[in-house]
Structure formats: structure tokens, C-alpha cells
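>>> Turn this into a model:
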Amino acid sequence: MLRWSFNLQIYFLSSRFRKQKELLTDAHSFIQDRTIYEDVEIFARNLYDMGLMSHRDYENYRSLFKEMTDYLRPPDLLIYLRAKVPTLVNQIQQRGRDYENSIRIDYLEGLNKLYEGWIMNYPHQKLIIETDDLDFVNRKEDLGKVIGMIEERLFGLFAEN
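As a prediction, this is how the structure comes out:
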């Protein structure tokens with residue numbers, strides 16, 4: 001992991017940047033599952049914190065990220081689906097993806113901590129949705145609640161950052 005973490009993160013960053021550029025030329029609205037903004041502050045940072053990316057590589061990655069994102073427009077609304085680690089574990093188990101079976105609890109805890117710090121400092125319009133008691137995948141009423149929160153934030157009288 002130490003040998004390839006930087007290379008893999010650069011691949012993800014490049015792919016997300018390319019996709020962001022494509023989306024900027026599209027006149028339609030869209031929803032994106034993962035953003036380029038999470039790459040440096042969550043995933044690369046977690047690898048660095050775990051000692052799996054060198055300081056030099058992490059700083060180079062951050063510098064490249066900064067150069068790329070200077071050319072992008074932030075999303076109209078960033079939606080953060082907040083969940084505690086037990087909820088995340090349950091969701092991972094429900095998906096049943098073999099490659100996710102080996103995800104460690106401490107890894108999820110590290111990501112969750114980084115996400116919390118990042119979202120609190122995110123400078124653009126955002127919506128934080130507490131999801132521990134929601135199941136918007138299997139319950140239509142929960143999906144309706146989530147859609148309502150998003151519409152209220154985007155189009156409501158008192159929309160805020």
C-alpha cells in the first residue's frame with residue numbers, strides 16, 4: 001500500500017477531474033455520488049495519516065489537487081449523508097460486495113472523523129442529513145424526506161449555506 005497509494009490516488013484524482021470537466025459542459029442538472037473535493041481531505045489524508053503515503057507524496061498530491069480545482073465550479077449543493085460507524089457497517093453488509101468485506105472498523109472511524117472535519121469547514125452550500133434512522137434505499141417515505149430536504153435547501157424561501 002505504501003508503494004502504490006500515491007499512484008492510486010493520482011489515478012482517482014485524474015478520473016474525477018476529467019469527469020468534472022465533462023459535467024461542466026453539460027446543460028443538465030446531475031447528481032454525483034463522490035466529488036473530487038473529498039479526495040484530498042478524506043482519502044489521501046487518511047492514507048497519509050495511516051503512514052501509507054509519504055509526506056512528500058501527500059504534499060505533491062495536495063498541490064496538484066489545488067491546481068485542478070481552481071478550474072472547477074463547486075456543486076450548487078453538496079449533500080453529506082452523516083452516519084455513525086455501526087450504520088456504515090450495516091450498509092456495507094447489506095450491499096454484500098466481496099471487496100468491501102475486509103474494510104476495517106478503524107479505517108471507517110478514520111474516514112468518518114475526516115469527513116466530519118471536512119464538512120464543517122466546507123465553504124459552499126451544503127446540506128447535512130442524519131441517516132442513522134433513515135433507510136432511503138428500502139423505504140419510500142424516507143426517500144421522500146430526503147428529497148424534501150434537498151428541495152427545501154435548493155428552492156426554499158430560507159435556503160442557507
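>>> Got the domain ranges for this structure?
1-73, 76-161 (automatic domain parsing).
>>> ok now the last one, how far from the chain's centre?
The chain centre lies 9 Å from the centre of domain 76-161; the measure is Cα atoms, centre = their mean, to the nearest Å.
>>> So for it, mean pLDDT?
Taken as a whole, domain 76-161 has an average pLDDT of 90.
>>> Ok, the first one next?
For domain 1-73, the mean pLDDT works out to 89.
>>> what number of residues lie near Asn7?
For Asn7, the neighbour count with other Cβ atoms under 10 Å is 9. For glycine as for every other residue, the C-beta is placed from the backbone atoms N, C-alpha and C.
>>> ditto for Gly156
11.
>>> the longest helix in the protein is where?
Longest helix in the chain, counting residues (DSSP state H): helix 5-24.
>>> which parts of it are buried?
Within helix 5-24, the residues scored as buried using 16 or more other Cβ atoms under 10 Å are 5-6, 9-10, 13, 16-17, 20.
>>> Show me which of the domains of the chain has the highest average neighbour count.
Of all those, domain 1-73 has the most neighbours on average by mean count of other Cβ atoms under 10 Å, namely a mean of 15.
>>> tell me the SS of Tyr107?
Put simply, Tyr107 is helix when judged by DSSP: H, G, I helix; E, B strand; the rest coil.
>>> Helix or strand for the residue lying closest to it once chain neighbours are set aside, just tell me which one.
In space, and not counting its chain neighbours, Tyr107 is closest to Asn46: 7.5 Å by Cβ to Cβ, 6 or more residues apart in numbering. Using DSSP states H and E, the element containing Asn46 is helix 45-49.
>>> Which elements pack onto that helix?
Helices and strands touching helix 45-49, by 3 or more Cβ pairs under 8 Å, 6 or more residues apart in numbering; DSSP states H and E, are helix 55-69, helix 105-121.
>>> what lines up beside the next helix or strand after the longest one in the sheet?
Toward the C-terminus, helix 105-121 is succeeded by strand 126-130 as the next helix or strand (DSSP H and E). Sheet pairing of strand 126-130 (DSSP bridges) gives strand 78-82 (parallel).
>>> contacts for the partner strand?
35, 37, 115-116, 119, 122, 124-132, 150 (Cβ atoms under 8 Å, 6 or more residues apart in numbering).
>>> when you compare where that strand runs with where helix 105-121 runs, what's the angle?
Going by axes from the mean of the first three to the mean of the last three Cα atoms, to 10 degrees, strand 78-82 is angled at 140 degrees with respect to helix 105-121.
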